[in-house]
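In: Here is my input, please return the structure:
(one chain, ligands or ions: 1)
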Amino acid sequence: MTQQQDGSASGGSSKLWGGRFSGETNELVERFNASIDFDRRLYREDIAGSIAHAHMLAAQGIISAEDSAAIERGLLAIRDDIDAGTFEFRLDREDIHLNIEAALTERIGDPGRRLHTARSRNDQVATDVRLFTRAACDETIDALQALRGVLIDVADAQPSTVIPGYTHLQRAQPILLAHHLLAYEAMFARDTERFVQARARANVLPLGSGALAGVTYPIDRAAVAQELGFAAISENSLDAVSDRDFVVDYHSATALTMVHISRMAEEIILWSTAEFGFARLADAFSTGSSIMPQKKNPDVAELGRGKSARAIGNLVQALTLLKGQPLAYNKDNQEDKESLFDSVDTVLVTLRVFAAMLPTITFDGPRGAEAAVANFALATDLADYLAKKGVPFRDAHEAVGALVARCEREGRTFSELTLEEFRAAHPAFDEDAMRIDLVASLAARDIPGGTAPRAVAQARAAARARLAAERGW
Ligand code: ARG
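Out: Presented below is the predicted three-dimensional model:
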């Protein structure tokens with residue numbers, strides 16, 4: 001059998017792997033088997049990996065320096081063509097690895113046919129996906145940090161805006177809006193950490209593992225790792241070609257990030273309703289209704305909430321993909337890519353659009369302050385007042401509870417009660433109890449992590465310092 005320029009064997013199958021085949025692939029199978037429609041996205045990683053591999057093969061005397069130079073030139077030209085959109089991807093060449101290798105051989109001949117020495121598509125694809133995931137982690141970390149910067153900016157711009165804090169979505173105690181925003185900053189800071197950890201676990205070189213058992217050539221894996229910026233080489237060839245746990249790590253961090261986004265989105269949606277009325281969305285970040293002329297809809301926030309479903313779905317898909325796979329590589333793993341790409345695209349666009357939207361939201365300070373003290377939101381402060389006078393907290397709780405019940409019956413608020421009426425609920429009440437208001441309530445929570453303006457100012461500065469330190473990594 002003679003070899004043709006495109007690397008195919010004449011007579012039998014036209015595939016790069018077709019040597020032992022005598023017939024062509026079924027047309028449906030060709031489509032079913034091919035991943036080129038999506039894994040073409042890995043071309044930069046694939047080419048970088050191949051160039052590093054060729055350099056190493058030459059340095060080890062496995063191929064000649066001339067072959068390595070020809071391979072590098074050829075691959076860079078292919079990269080330029082793909083960049084320019086002039087490269088022809090062929091379904092019959094199955095995937096990105098075979099498309100590039102076959103095109104290389106078409107262009108440079110024999111040296112192209114030596115590139116796959118001491119390498120399998122199994123360690124090649126694992127390397128590509130690790131390079132891609134590592135870059136995705138970097139981009140996601142960057143987008144998270146940008147969003148956190150915006151949250152801190154908005155918190156700084158609203159140092160004294162007050163809203164009701166909720167538990168069970170019932171008004172509970174007054175809080176600063178800045179405190180509320182910093183809660184999300186804290187979630188996204190932990191998400192950032194998770195991507196840093198995901199990056200570290202992805203940053204290991206599988207190449208050199210061969211198909212599954214290692215290769216028979218005197219390769220230098222450390223040199224390849226160094227050229228590609230990997231921190232280490234994989235320890236076990238079977239594990240290296242087959243596991244995609246680093247992809248699951250990415251999905252997991254993404255799913256949680258998107259869950260956090262969905263929580264923030266939900267609050268933006270609630271706050272911009274007539275019922276809450278704490279926030280108004282900018283025209284640029286809302287949409288209208290095709291039938292109801294008065295509508296202004298929080299579509300961006302709703303999509304952020306809705307897109308979390310994808311990220312969670314992709315995590316479950318990746319876990320399910322790996323479950324029960326015997327060692328080592330199985331073609332199942334070709335299914336790792338579309339969901340990974342989808343999660344990367346989803347989380348990046350979502351983080352970016354939320355970072356752009358947040359500074360455009362207008363907050364209604366008076367409305368927030370009014371709502372913050374309505375519905376007896378200062379009841380805990382009154383109970384604390386009694387407890388600080390020596391009343392056991394449980395008794396104080398009961399006494400204030402009775403006051404709330406009385407006010408509700410009579411349609412009054414705390415501020416309308418006389419001192420005698422306070423005393424009727426508990427004799428430990430004095431004049432100063434009547435001075436407990438919104439400002440006092442907030443200022444009283446002056447502990448680290450609390451909502452007092454001073455504590456929140458410290459938290460804003462701490463969050464900014466942490467972000468600056470991370471950015472300096
Ligand atoms: N397209 C394949 C994938 O994405 C590349 C590895 C194929 N290896 C193999 N032995 N068929 O996983």
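In: For the rest of this, base every contact and every neighbour count on C-alpha atoms.
Out: OK.
In: In contact with the residue of the chain found nearest the ligand, which residues are there?
Out: In the chain, the residue that lies nearest the ligand is residue 334 (3.5 Å; Cα to the nearest ligand atom). Taking Cα atoms under 8 Å, 6 or more residues apart in numbering, we find residue 334 in contact with residue 35.
In: let's go with 10 Å and repeat that
Out: Going by Cα atoms under 10 Å, 6 or more residues apart in numbering, residue 334 touches 33-35, 39, 95, 125, 321.
In: Which two among those residues are spaced furthest apart?
Out: Greatest spatial distance among these (Cα to Cα): 95 and 321, at 19.3 Å.
In: more neighbours, these two?
Out: Counted by other Cα atoms under 10 Å, residue 95 and residue 321 do not tie: residue 95 has more neighbours, with 22 against 16.
In: ok so, going back, where helices are concerned, which of the contacts of residue 334 count?
Out: Counting by DSSP state H, the contacts of residue 334 place 33, 39, 125, 321 in helices.
In: since we're on the residue nearest to the last one when sequence neighbours are not counted, how many residues are nearby?
Out: Spatial nearest neighbour of residue 321, excluding adjacent residues (Cα to Cα, 6 or more residues apart in numbering): residue 332 at 6.8 Å. In terms of burial, residue 332 registers 11 neighbours under the definition other Cα under 10 Å.
In: just residue 432 next, same as before
Out: By other Cα under 10 Å, neighbour count at residue 432 equals 9.
In: looking at it, it is touching residue 389, isn't it?
Out: No. Contact criterion Cα atoms under 10 Å: residue 432 and residue 389 do not qualify, at 11.8 Å.
In: Show me the common contact partners of those two, please.
Out: Joint contacts of residue 432 and residue 389 (Cα under 10 Å, 6+ apart) do not exist.
In: coming back round to it: of the ones in helices among the contacts of residue 334, just say which sits nearest to residue 169.
Out: residue 321 (38.0 Å).
In: Could you check how far that closest one is from residue 121?
Out: 19 Å (Cα to Cα, to the nearest Å).
In: do the same with residue 354
Out: 39 Å.
In: more neighbours, the two?
Out: Between residue 354 and residue 121, residue 354 has the larger neighbour count (other Cα under 10 Å), namely 20 against 17.
In: OK, contacts around that one?
Out: 147, 150-151, 261, 264-265, 285, 300-301, 304.
In: now with 6 Å?
Out: For residue 354, no residue meets the contact criterion (Cα atoms under 6 Å, 6 or more residues apart in numbering).
In: pLDDT at it, what is it?
Out: Looking at residue 354, its pLDDT reads 98.
In: now do residue 18
Out: Value for residue 18, per-residue pLDDT: 89.
In: now do residue 291
Out: At residue 291, pLDDT is 86.
In: Confirm it sits in a helix?
Out: No. Per DSSP: H, G, I helix; E, B strand; the rest coil, residue 291 lies outside any helix segment and is coil.
In: do you know how far it is from residue 390?
Out: 61 Å.
In: Which one's more surrounded, those two?
Out: Taking other Cα under 10 Å, residue 291 and residue 390 do not tie; residue 390 has more neighbours (11 against 7).
In: Is it correct that residue 174 falls within a strand?
Out: Yes. Counting by three-state DSSP, residue 174 falls inside a strand.
In: Correct me if wrong: it contacts residue 165.
Out: Yes. Residue 174 is in contact with residue 165 according to Cα atoms under 6 Å; the separation is 5.3 Å.
In: which of the two has more neighbours?
Out: Neighbours were counted for residue 174 and for residue 165 using other Cα under 10 Å; residue 174 has more, 25 against 19.
In: so where's the chain uncertain?
Out: Counting by pLDDT under 70, the low-confidence segments of the chain come to 1-11, 473.
In: how about the residues of it that lie near the ligand?
Out: 35, 95, 121-122, 125, 331, 333-334 (Cα under 6 Å from any ligand atom).
In: on that earlier part again, name the member of the contacts of residue 334 with the most neighbours.
Out: residue 125 (24 neighbours).
In: tell me the phi and psi of the closest residue to residue 36 other than its chain neighbours?
Out: Once flanking residues are discounted, residue 36 sits nearest to residue 95: 4.2 Å by Cα to Cα, 6+ apart. Main-chain torsions, residue 95, degrees, to the nearest 10: phi -140, psi -180.
In: List the contacts of residue 95.
Out: So residue 95 contacts 34-36 (Cα under 6 Å, 6+ apart).
In: before we move on, what about residue 328?
Out: Contacts of residue 328 (Cα under 6 Å, 6+ apart): 238, 242.
In: What distance do you get for it to residue 13?
Out: 26 Å.
In: Check residue 378 too.
Out: Distance, residue 378 to residue 13, by Cα to Cα: 80 Å.
In: Equivalent analysis for residue 24, please.
Out: The value you get for residue 24 to residue 13, if Cα to Cα is used, is 5 Å.
In: Could you do residue 162 as well?
Out: For residue 162 relative to residue 13 (Cα to Cα), the value is 72 Å.
In: between those two, which one's more packed in?
Out: residue 162 (29 against 17).
In: So the more buried one is in contact with residue 369, correct?
Out: Yes. The pair residue 162 / residue 369 is scored as a contact, 5.1 Å apart, by Cα under 6 Å.
In: Residue 355 sits in which helix or strand?
Out: helix 337-357 (DSSP states H and E).
In: residues in contact with the very next helix or strand once past that helix?
Out: Of the helices and strands lying after helix 337-357 in sequence (DSSP H and E), the nearest is strand 362-363. Applying Cα under 6 Å, 6+ apart, the contact partners of strand 362-363 are 278-280.
In: Likewise for stretch 380-395?
Out: 396-397.
In: and with 7 Å instead?
Out: 396-397, 400, 428-429, 441 (Cα atoms under 7 Å, 6 or more residues apart in numbering).
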